[in-house]
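Trainee: Dropping the sequence and predicted coords here.
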Amino acid sequence: AGNKSLMMATTTSTDNTGLLDYLIPHFEKETGISLKWTATGTGKALKLGQNCDVDVLLVHAPPAEKKFIAKGYGKDRRQVMYNDFVIIGPGNDPAGIKGKSISDALSAIKNKQAIFMSRGDDSGTNKKEKILWKNAGIQQPDKEKWYVQTGQGMLATINIAQERNGYTMTDRGTYIKYQSQKGGIAPLKILVEGDKILLNQYSVLTLDPKNCPNAKYDLALKFSNWMASQSTQNLIRDFRLLGKKLFTPNAK
Amino acid sequence: MTKINLTYHLKNIRHYYGNTKVLDIEDLKIEKGSITGLIGPNGSGKTTLLKLLAFAGRPTAGNILYNGRQEFPFSPTIRSKVTLLTQKPYLLKRTVFENIVYGLKIRKDKEYLETRVKKALSTVGLDYQDFAPRKWHELSGGEAQRVAMAARLILKPEVLLLDEPIASVDAKSAKLIREASLKARDTWGTTLVIASHDLQWLYSISDRQLSLFKGNIFSTGIENIITGPFEKINGESLVKTLGDGQAITLKGPAPKVCTAVIKKDSISIDLKKQAGDSGLNQLSGLLASMLLEKKSGHIMATVSIHDLSFVLRLTPDKISRLNLYPGKKVILRFHSNEVEWI
Amino acid sequence: MTKINLTYHLKNIRHYYGNTKVLDIEDLKIEKGSITGLIGPNGSGKTTLLKLLAFAGRPTAGNILYNGRQEFPFSPTIRSKVTLLTQKPYLLKRTVFENIVYGLKIRKDKEYLETRVKKALSTVGLDYQDFAPRKWHELSGGEAQRVAMAARLILKPEVLLLDEPIASVDAKSAKLIREASLKARDTWGTTLVIASHDLQWLYSISDRQLSLFKGNIFSTGIENIITGPFEKINGESLVKTLGDGQAITLKGPAPKVCTAVIKKDSISIDLKKQAGDSGLNQLSGLLASMLLEKKSGHIMATVSIHDLSFVLRLTPDKISRLNLYPGKKVILRFHSNEVEWI
Amino acid sequence: MDFIVAGFIKAIELLVSGDSSTWTAVLATLQVSTCSMLLSIGAGLPCGFVIGYFDFKYKKHVRTLLDTLLALPTVFIGLAVYAFISHQGPLGEMGLLFTLTGIAIGQTILAFPIVTAITASTIENIDQDLKLTLVTLGAGKRHIIATCLWEVRYGILAAAVTAYGRVLTEVGISMMVGGNIKYQTRTVTTAIALETSKGLFADGIALGIVLIMIAFIVNLSLSFLRRQ
Amino acid sequence: MDFIVAGFIKAIELLVSGDSSTWTAVLATLQVSTCSMLLSIGAGLPCGFVIGYFDFKYKKHVRTLLDTLLALPTVFIGLAVYAFISHQGPLGEMGLLFTLTGIAIGQTILAFPIVTAITASTIENIDQDLKLTLVTLGAGKRHIIATCLWEVRYGILAAAVTAYGRVLTEVGISMMVGGNIKYQTRTVTTAIALETSKGLFADGIALGIVLIMIAFIVNLSLSFLRRQ
Ligand SMILES: Nc1ncnc2c1ncn2[C@@H]1O[C@H](COP(=O)(O)OP(=O)(O)OP(=O)(O)O)[C@@H](O)[C@H]1O
Ligand SMILES: Nc1ncnc2c1ncn2[C@@H]1O[C@H](COP(=O)(O)OP(=O)(O)OP(=O)(O)O)[C@@H](O)[C@H]1O
Ligand SMILES: [Mg+2]
Ligand SMILES: [Mg+2]
C-alpha cells in the first residue's frame, strides 16, 4: 500500500499516561509506518478489533484476550510490559488495611463496611478487582451500600473515592498522575501493594486475517515485533511519568 | 357561442365549514369584462365565494368552470391570471416596494419595475418617494389597504377579485380605486367581482349587483330583506309587528326559514296613505338618504321604518314631483303578494 | 369648575414616528359624556391619536390630562376605565365567549358571565347559541369586528375609543353599534371618541366632529380640503386648475405646505352663476348625495366638481326651494378670502 | 449491524424482566429531568418573555449572548457545577456532589438558555395588534405575560420539548456531577456510555431505546396540548 | 474553584500560543459542525415546512414522533452510525469510520429533528392570511415555501442556532464515530472529555471556553440577520 498506516485501539491508561505520545514517534521514524490510535475501554477496544475496525490492539486484560483469540478474532498475543495495581485509601485508614495482604485487606473493608469504589466498567482493572474478591473468598459485592460502582475511568473513580473518603484499587500510573495533580499531598495514600497477583500485564494483539482479511496483518505484526524489540523495551523502561518509573518491559 | 364570453360558470356549488352550509349557488354566470358587485350582510358568504372564485380552495360540492374549462387550485392558468385582494390585506415583512413587485417577480416579469411601481402607487394615491421604501408596518390601516390594492393592480390580471377594497380607505382613495378598477376593465378587459358594504360606491362601479343572504344568491341586486319571526294569522297571512306599532303583512306558504325578500321594484313611494285592498302594506317612515346611481341617473333612496331600512330606486322626476329630501316623512307601499321566501 | 367636566385635556401634543411628525395638537378638550367623531384621510393620524388617548403609548412631547390629572400607560385608573377598539381587531386564540369575557376576568369580575355575554352579543346582533362557542378563526370579517366590539361594550368603560368600528360591518350592524354607543353614553355616562370614514354614520352618532389632516386638528368638523400644487398669479392669488378647465382662485400668503381648507359654512349653493367680484369662486358640479343629519334635521350634501368633492350643510327649505336631488347640476360659490392655509 | 437488532430485543427484555439496574436508572433519569425542566421553564419563560417582548437598548447583544449559551458544552457545565459543589468548593458543605440534586442543578443551567431563547424568538413573532389589544383591554403586566405566552403556546411547547430532549440525552453533567454511581446516580445516558465503553454495543442500543421510549411517552402525553 | 480561573487563563494561552493540537481540534470542530448544519438545514427546512404548513391526517402523530427524535441520545446515534460504517457494516467499504465525514453524518442525524421540529412549529404559527395572500398573488409551491420561510426567518434562525448549539457540544457521536484520534478526528468536545478524564480540569475548562468562543463568533456574525 502506498500509505503505510496502522490503526490501533488501546486502553485509556496507555494514552492518558503519555506512553504512546512518547513511543509512537520512534516507531514511525524507524519503520515509516504511521500509526493512529483510539483510546477506549478495554471491552470496546476488543470489540473494535472483533469488527475489524482497527488493525492492532494494545490492551491489558489477559483472560479476555485469551477468549478473544480462542474465538478466532485475534492472533499473536505478545506480552510487552506490565505495571502493577495498588489499593489506595484515606490517610487515616478507617478499615485498618495498611500493610495487610490483599485478601485480608478486602475482608477488613467488607467487615468494616468501609466505602470501596469500584470502576464497575468491565475494564482490565475492574476485571482484576473481581478476581481479587474471588481470591479473598468474598462473594462479589454489587448492591451493598459500601460498594460503590462508578462506571467511569480510573482517575474519575479515584476522585470520587477522595470525595467520598473511600478505598479503591488503581493502576500505579493513574495514581501517580492523581498524586501529582494534588501537588504531592494527595488525601488518598497507597495502603496495599506488591503482591504478585497485582501485576497488570499489557499485550499486543494482532487480528486473525481469517476474520479480518482487510486488516493490515503484516504491518500489525511489524508493530508487535517492534514493541518486543530490545530498543523499544529499553525505551519503555526509561519512560518516566512525573519522575517516576511506570512500566516494566517483559517481552519474551 | 354563449360560453365563450363567460369567465366563470358556477354549477351547483355548495360549500360547508364543518357541518354548516355557508354557500348554496345553483347556477351563476359571470361574463368576461363585467364588473359584479357582491352585497350581503356579515357572514352571508361573500368572502367564501370570492375565495372559491380565486381557486384558493375547492367547494365542498359542485363545479366552477373558468373560461369554459374546469380548473383547480394551483393550476398555472389560475395562478397567473386570477388575483384576489383579501378582506384583511396581509403585507409581507418587506418594504412597500418589495410587496408590490412580489407578484411580478413570481411571474419572472422584472422589467421597468420602478416605473411600474410608481404608477401602481399613484393609482391608489400614494407617493412613490414617500412610501416605496417604507417597511410593511410603517403604514396606517388605509395606507396598507391601498398598498395591497396596488400589488394586485400591477399584475394586470384577467380577473380581479376585491374583498371590501375600500373598508378602511378614505373617500378620495375610494374614488381612485373605483377609477383604477374601471380602467383595468377598459384597458385590459379585466373581469371584476367586488364585495363591499358601501352600497353607494358599489353601485357607482358595478354593472350588476348580486345579493348574498345566508349563502343564497339573488341576482337582481340589492333587495329588502325582512327576517322573522312572523306571526301566523288566518292560516295564510304572516305578520311582523314593528316596535312603533306598524305591521307588515305578507302572504305565503308557512315558511320554515322565515326570511322574506321584497324586490325594490315592487315598492312605491308616496306622501300620503291611499285606500287599497287589505293586502296592501302602507308603512310610514323617514327618508334617510339619497344617492346618485351614476350610470342610470336614478337615485337610490333609503327609507327608515322604525328599525328596518328599505331601499328603492327613484327617478329625478318623481323626486321633484313629491319634493323629496332626506328627513321628509314618506309612505312606502307594497303588496303582500310581492314577496319571495327563502 | 370647567375642568371637572373634562375627560381629556391634551396640551401641546407632538408625536413622531422616527423623524416624521404625525401629530401636532396644541390644545384639545374632550368633555365627559360627549361623543366625538374623528374624520380625516388615511394617514392623517386618527389611529395614532386614539392610541395616545388610550394611553397605549406616550406622545413624543406634551401632556395628556385625564380627568384633570396627568396619567401614564399602565396606571390602574386608565387600565380599568379606558378601552380602545383597535382598527384591526385582534381576537385571542380562544372561543368567542372567552374573548368577550377576557377584560372582565382581568378585572376579577366573574359574576353572571353567561347572561352578560349573551347581552353583549345581542347588542352587536350576534346570536349567543351560534357564536359563543365558536373558535376565533371561525368568523367572517364583520363578525370578528362585532365580537371585538362586544368585548369592549361588556366592560362598561368610562371612555370608549372606537377606531373604525364599522369598517367591515353591514348596515344593520352599523345601526346596532350606533345604538349601543349611544346607550353606553346615556346609561353609564361613557365618553366616546370614534374614528370613521363613513361620514353619514359618524354624523348620525357624534355630538361634535374633529377633522384631522396631516396631524393637525380642526375642531369645526368636516371641512373641504384642497391640496396643492397651486399656481401663483399676481403675487397674491393662488390658482388650482381642475381637469375640466374650471379653476379655483384663493388668496393668501405664499404657502409652503400648499393645502387649503374651506369651511363648509363658507360655501353656498345655487342653480345659476351670478355676477360678483373677481374674488368669488363659482364652480359648476353635480350633486352626488344627500344624507340626513339626524340631530339637526339638516342635510349633508356632497357635490362633485370634476375630481374634487365638496361637502356642505343644507336646510330642507333650501332643498325644496332649489328642487335639489342627487344628479342635479349645481353651482358652488365661495369667496377667495374664505380660506385657511395649513 | 446485528447488535442493533440485538439491542431492540434486549430493550424489551430489560423492561419486561424488571432489571433493577435499568429501572433505577430510568427512575433517576425521570427524577432529574423533571426537576430540571420545571426549574428551567419556571425561570426561562419569564426571561424569554421579557427579552422577546420589550425593545431595549442592548436587545441584540442579549440575544447573541443567549444564542451563545446554547452552545455551553455539558462537560463544561459539569465541571463548573463540580467546582462549586465539590468538598473544596464554596457550596461543598451542602453535600450536593454525587447526588441527583446536583445533576438537576447542572441540567437546569443547560436547559435554561434553550427555553429562554426559543421563548424569546416565539414572543418576538407576536402580532403587534395582540399587544395593543391586551393593553387596551386593561391587562396588567402579569396578564400580558400570561396571555401572550398562552397565545403562542405551541411555540412554548416546542421550546420545552427541545429543552427536554437536550436534558434527557446529556451525559457530561450527569457523569461529572453525578458520578454515574450504580443504583444511585446512574442515569440512562451514563449507563449507555458505560455499556458502550465496555464494548457491549447491544446493551448501549437497548438502553438508548429505553430512553427514546421515555421521551415518546412524555411527548405522547404532551401531545394533547397540541393544536388539533 | 481555582481550576475555573486557571481554565480562563489557559484558554487565552492556548489560542494565543497557537497550540497546534488545540487549533486542529478547533478546525475539525468547525468543519464537521458546518457540514452537518448545512445538511440538516437543507433537509430540515423543507420537511419542517411541509409538516407545519399542511394539514394531513396523521400530523399530530408525526409531531409526536419528531419531538421524540429530539431525545435521540448522541451515543445512540453514534452507535447506529457506527453499525453502518464499521468495516462489517453495509457501508463499511466507504471507509467513513474514524473520519470527520463520519462524524458529520451522525451530527446531521442529530440536528435534523431539531431543525425540523422548530421550523414546523414556527410555520404552524403562520397567519392564515399570509397563505391566502401568497396563493392569490399566484405563488407556486416553491414560492410559497421560500416566502413563508422568509416571513418567519427569525424563527428559522432560532431553529438553526439551537441545532448548532447541540451539534457543537455533542460528544457521543464524535467519540464513537470519530474515535478522538489526535490531530485527525479530535474535536474540541472530545478533547474536553479527554482532558477531564485525565483529571486536567483546567484544560477542560479552557477548551470549553474555546468552544464557547467559537459559538460566540458564529452567533455574532449571524446577528446581522436579526430584527433590528
Ligand atoms: N410604525 C410606524 N412607523 C412610521 N410611520 C407610521 C407608523 N405607523 C403609522 N405611521 C404613519 O403615521 C401617519 C399616521 O398614521 P395613523 O395610523 O395614525 O393614520 P390614520 O389616520 O389612522 O389612517 P387610516 O385612516 O389609514 O387608518 C401615517 O402617515 C402613517 O404612514
Ligand atoms: N373557518 C371557518 N369555520 C367555520 N365557519 C366559518 C369560517 N369562516 C367563516 N365561517 C362562517 O361562514 C359564513 C360565511 O363567512 P364569510 O367570511 O364568507 O362571510 P362574508 O360574507 O365575507 O362576511 P363579512 O361581511 O363579515 O366579511 C359566516 O357565517 C361565518 O361565520
Ligand atoms: Mg368577508
Ligand atoms: Mg387608522
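Mentor: Okay, I see it. Ligands and ions are numbered 1, 2, ... in the order given.
Trainee: hey, let's count contacts and neighbours off CA atoms from now on
Mentor: Noted.
Trainee: Identify the residues contacting residue D:171.
Mentor: D:74-75, D:189-190, D:193 (C-alpha atoms under 8 Å, 6 or more residues apart in numbering or on different chains).
Trainee: now, which of those lie close to chain E?
Mentor: Restricting these to those near chain E by C-alpha under 8 Å from any C-alpha of the partner chain leaves D:74-75, D:189, D:193.
Trainee: Of those, which is the nearest to residue C:90?
Mentor: residue D:74 (42.7 Å; C-alpha to C-alpha).
Trainee: Mind pulling up the pLDDT for that closest one?
Mentor: pLDDT recorded at residue D:74 is 93.
Trainee: Kindly report the same for residue B:280.
Mentor: pLDDT, read off for residue B:280, is 85.
Trainee: Please name the bridge partners of it.
Mentor: As for beta bridges, residue B:280 partners with residue B:335 under DSSP bridges.
Trainee: quick one: stretch A:24-33 to chain centroid distance?
Mentor: 24 Å (C-alpha atoms, centre = their mean, to the nearest Å).
Trainee: how about that stretch: buried residues?
Mentor: Neighbour-count burial for stretch A:24-33, with 16 or more other C-alpha atoms under 10 Å in any protein chain shown as criterion, is recorded at A:24, A:27, A:33.
Trainee: From those residues, which land in helices?
Mentor: A:24, A:27 (DSSP state H).
Trainee: I'd assumed residue B:238 was in a helix, is it?
Mentor: No - assigned with DSSP: H, G, I helix; E, B strand; the rest coil, residue B:238 falls outside any helix and is strand.
Trainee: Correct me if wrong: it contacts residue B:227.
Mentor: No - the pair residue B:238 / residue B:227 is not scored as a contact, 11.7 Å apart, by C-alpha atoms under 8 Å.
Trainee: Give me the number of neighbouring residues for the residue in the stretch 151-300 of chain B positioned nearest to ligand 4.
Mentor: Minimum separation of the stretch 151-300 of chain B from ligand 4 (C-alpha to the ion) falls at residue B:168, amounting to 7.9 Å. By the criterion of other C-alpha atoms under 10 Å in any protein chain shown, residue B:168 has 27 neighbours.
Trainee: ditto for residue D:131
Mentor: With other C-alpha under 10 Å as criterion, residue D:131 counts 18.
Trainee: any idea whether it is helix, strand or coil?
Mentor: Assignment for residue D:131 (three-state DSSP): helix.
Trainee: what do you get for residue B:87?
Mentor: Residue B:87 is classified as coil under three-state DSSP.
Trainee: check contacts around the residue of the stretch 201-342 of chain B found nearest ligand 1.
Mentor: For the stretch 201-342 of chain B, the residue closest to ligand 1 is residue B:201, as judged by C-alpha to the nearest ligand atom, at 17.5 Å. Residues in contact with residue B:201 (C-alpha under 8 Å, 6+ apart) are residue B:174.
Trainee: quick one: average confidence on stretch B:117-131?
Mentor: Mean predicted confidence for stretch B:117-131 is 95.
Trainee: Kindly export it (C-alpha atoms) in CSV.
Mentor: C-alpha atoms of stretch B:117-131 as CSV (Å, rounded to 0.1, in the frame of the first residue of the first chain):
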residue,chain,number,x,y,z
VAL,B,117,-44.4,50.5,-9.1
LYS,B,118,-44.5,54.3,-9.3
LYS,B,119,-47.5,54.1,-11.5
ALA,B,120,-49.3,51.5,-9.3
LEU,B,121,-48.8,53.6,-6.2
SER,B,122,-50.1,56.7,-7.9
THR,B,123,-53.2,54.8,-9.0
VAL,B,124,-54.0,54.3,-5.3
GLY,B,125,-53.0,57.8,-4.4
LEU,B,126,-49.7,57.1,-2.7
ASP,B,127,-46.4,58.9,-3.3
TYR,B,128,-43.6,56.7,-4.5
GLN,B,129,-40.8,58.7,-2.8
ASP,B,130,-42.5,58.6,0.5
PHE,B,131,-44.0,55.1,0.5
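Trainee: can that stretch be found next to chain C?
Mentor: No - shown here: stretch B:117-131 not in contact with chain C (C-alpha under 8 Å from any C-alpha), separated by at least 10.2 Å.
Trainee: circling back: relative to residue B:145, how far out is the residue of the stretch 151-300 of chain B closest to ligand 4?
Mentor: Between residue B:168 and residue B:145 the distance is 7 Å, computed by C-alpha to C-alpha, to the nearest Å.
Trainee: same check, this time on residue D:148
Mentor: Where residue B:145 is concerned, residue D:148 sits at a distance of 27 Å (C-alpha to C-alpha).
Trainee: Look at these two and report which has more neighbours.
Mentor: residue B:145 (26 against 20).
Trainee: contacting residues around the residue nearest to the spatial centre of chain D?
Mentor: Taking C-alpha atoms, centre = their mean, the centroid of chain D lies closest to residue D:167, which sits 3.1 Å from it. Counting by C-alpha under 8 Å, 6+ apart, residue D:167 touches D:33, D:36-37, D:107, D:110-111.
Trainee: Is it in a helix, a strand, or coil?
Mentor: helix.
Trainee: contacting residues around the closest residue to residue B:170 other than its chain neighbours?
Mentor: Nearest residue to residue B:170, sequence neighbours excluded (C-alpha to C-alpha, 6 or more residues apart in numbering or on different chains): residue C:41, at 5.1 Å. Each residue near residue C:41 by C-alpha under 8 Å, 6+ apart is listed here: B:169-172, C:197, C:212-213.
Trainee: Quick check: phi and psi at residue C:41.
Mentor: Main-chain dihedrals, residue C:41, degrees, to the nearest 10: phi -70, psi 170.
Trainee: do residue A:35 as well
Mentor: The phi/psi pair for residue A:35 (degrees, to the nearest 10) is phi -120, psi 130.
Trainee: Determine the three-state secondary structure at the closest residue to it other than its chain neighbours.
Mentor: Distances taken as C-alpha to C-alpha, 6+ apart place residue A:6 nearest to residue A:35, at 4.7 Å, with adjacent residues excluded. Secondary structure assignment for residue A:6 (three-state DSSP): strand.
Trainee: residues touching residue A:6, list them.
Mentor: A:33-36, A:54-56, A:216, A:219-220.
Trainee: Check the burial of residue A:225 by counting its neighbours.
Mentor: Neighbours of residue A:225 using other C-alpha under 10 Å come to 16.
Trainee: Could you measure from it over to residue B:320?
Mentor: Taking C-alpha to C-alpha, one finds residue A:225 at 124 Å from residue B:320.
Trainee: Equivalent analysis for residue B:197, please.
Mentor: Applying C-alpha to C-alpha to residue B:197 and residue B:320 gives a distance of 29 Å.
Trainee: higher neighbour count, the two?
Mentor: Set side by side, residue B:197 and residue B:320 show more neighbours around residue B:197, with 22 against 15, by other C-alpha under 10 Å.
Trainee: quick one, phi/psi of that one?
Mentor: Dihedral angles for residue B:197 - degrees, to the nearest 10 - are phi -90, psi -10.
Trainee: give the contact list for it.
Mentor: B:39-41, B:164, B:167, C:168-171.
Trainee: just the buried members of these?
Mentor: B:39-41, B:164, B:167, C:168-171.
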